[in-house]
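Turn this into a structure:
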Amino acid sequence: MNLAHVLRQAARRFPHAIGFVQGDFTLTWGAMDARVDAMVAALAAQGLGKGDRVLVQSKNCLQMFESMFACFRLGAVWVPTNFRQTPDEVAYLAQASGAVAMICHADFPAHVTAAQAAAPGITTVIAIGAAPFGPDYDALVEAHLGTPVRAADVERDDPCWFFFTSGTTGRPKAAVLTHGQMGFVITNHLCDLMPGTTQADASLVVAPLSHGAGIHQLVQTARAAKTILLSTERLDVEEAWRTVERWKVTNIFTVPTITKMLAEHPAADQFDHSSLRYVIYAGAPMYRADQKRALARLGKVLVQYFGLGEVTGNITVLPPALHDLEDGPGTRTQHTTSDLPISNAATRSMS
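This is a model prediction of the structure:
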C-alpha cells in the first residue's frame, strides 16, 4: 500500500473535519488531500516520479507536512532536513541523498545555493513563500487543484523516506524507511503508544516534523486525528498549554527535555490539560526525579519508548499504567523497559 493512502482515507471518511491547525488557521482533511494531489501534479509536471529524492528544508508548517504525503503519493523519496542545520550541512544531505528536487522555505535561500552547488542534479526548486529561487508552493497548488492524480504503485520495500541520523559519531547517515516498514510502524504505534486513538483526538507538535514528530503525525493521520502546530518554530510553553486547552489536545510527542519544560512551567497550572491521555517521550532516558515531577503535575499520562532510528523508534514501551509516582518493589523506570517489547516484536538481552 502506498503510505499516502492514510491521508486519502482520512479525507474520504471525514472530508469536512479539521485535520490541520496552526494558530487560527485550520484546514479540513478533504482540502488537504486535494492540495497534496495538486502538489503531486506539479512535481510530475517537472518530470519527477517514482524513486526521485526530494530534499525539504523547512520549519514546521502546512506545506512541509503536505510535502511528505506528496512525495509518498508520487512514489518519490522524502528527504527532510532539520531546519536548524547550516547550509553546508544541508548541502551534504543533498549530495548524499542524490536529491533531484528541493522544496525550501523562503527563509533559507543560502541553503538552496549550497545544496545546488553540492548536488547539481537538483534542477527543480519550489519555495514555501515568495522567494527568488523558485515558484511558490501555494501558487503551484492553486494552478493544479483538481488535476486527477493516481498514487504510484509501490512494493513493501520501496523507499519513501530517508531518515537521517544526527551525525553525532560522524557524518549523518540515512536510514532508508520503506512504505511497508512504515505501515508496520503505524500499526505498532497505534497498538502500544496510543491505543484507542480516533478522529476525535488532537495531537500537538512541539518538535521538528523532519524527525520523530513527523512519524508521530503520520500515525495521527492514519486515524484522522488532527495535527496542531504552534504558531512559530519557537517552543512557547505557555502557548503550548493554551493550545492544549483550546483544542482539547489528547497526545503530544516529546523528548525528555521538552517533557520537563512542559511539566515545570507555571502555565501547566493555568490551563486545563485534562484532555491529555498520552505525553510520549523518547530519544533519551529521563531522570527519575523529572519523571516524578511530570507525573505529579500531569497525572498518569506519560508514555516512554526506546528504539533505533533505523526502525523509527518504538521497540520497547513503558505505558501510562506502569508509570508510578512512588518508588517501590514493582516500580518500573527507563532501566526496565526492555521487559516490555511492542506487541509484534521480541527482544533479547545480549549481556
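
domain parsing for this structure?
Structurally, the chain divides into domains by automatic domain parsing as follows: 31-177, 181-339.

average pLDDT for the last one?
Along domain 181-339, the predicted confidence averages to a pLDDT of 91.

Please tell me how far it is from the chain's geometric centre.
Taking CA atoms, centre = their mean, to the nearest Å, the mean C-alpha location of domain 181-339 is offset from the chain mean by 13 Å.

all helices of the stretch 1-150 of the chain, in order?
Secondary structure of the stretch 1-150 of the chain (DSSP state H, counting those that start in this stretch): helices located at 5-13, 29-45, 62-74, 87-97, 109-118, 137-144.

In this structure S343 contacts H189, no?
No: if you go by CB atoms under 8 Å, S343 and H189 don't touch, sitting 10.5 Å apart. C-beta here means a position set from N, CA and C on the backbone, and glycine is covered the same way.

Who has more neighbours out of those two?
Neighbour totals were compared for S343 and H189, and H189 leads with 26 against 10 (other CB atoms under 10 Å).

Go ahead and list the helix or strand containing the spatially closest residue to that one that is not a sequence neighbour.
Excluding the flanking residues, the one nearest H189 by CB to CB, 6 or more residues apart in numbering is V219, at 4.6 Å. Taking DSSP states H and E as the definition, one finds V219 inside helix 212-221.

Beyond that helix, next helix or strand please.
Taking DSSP H and E as the definition, the helix or strand that follows helix 212-221 towards the C-terminus is strand 226-229.

Format the CA atom coordinates belonging to the helix or strand that comes right after that next one as PDB.
Stepping forward along the backbone from strand 226-229, the first helix or strand reached (DSSP H and E) is helix 237-247. Included here for helix 237-247 are C-alpha records, laid out as PDB according to Å, rounded to 0.1, in the frame of the first residue of the first chain:
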ATOM      1  CA  VAL A 237       5.400  26.600  26.600                       C
ATOM      2  CA  GLU A 238       2.600  29.000  27.600                       C
ATOM      3  CA  GLU A 239       1.200  28.900  24.000                       C
ATOM      4  CA  ALA A 240       1.500  25.100  24.100                       C
ATOM      5  CA  TRP A 241      -0.600  24.800  27.200                       C
ATOM      6  CA  ARG A 242      -3.100  27.400  25.900                       C
ATOM      7  CA  THR A 243      -3.400  25.300  22.700                       C
ATOM      8  CA  VAL A 244      -3.900  22.100  24.700                       C
ATOM      9  CA  GLU A 245      -6.900  23.700  26.500                       C
ATOM     10  CA  ARG A 246      -8.300  25.300  23.300                       C
ATOM     11  CA  TRP A 247      -8.200  22.200  21.100                       C
END
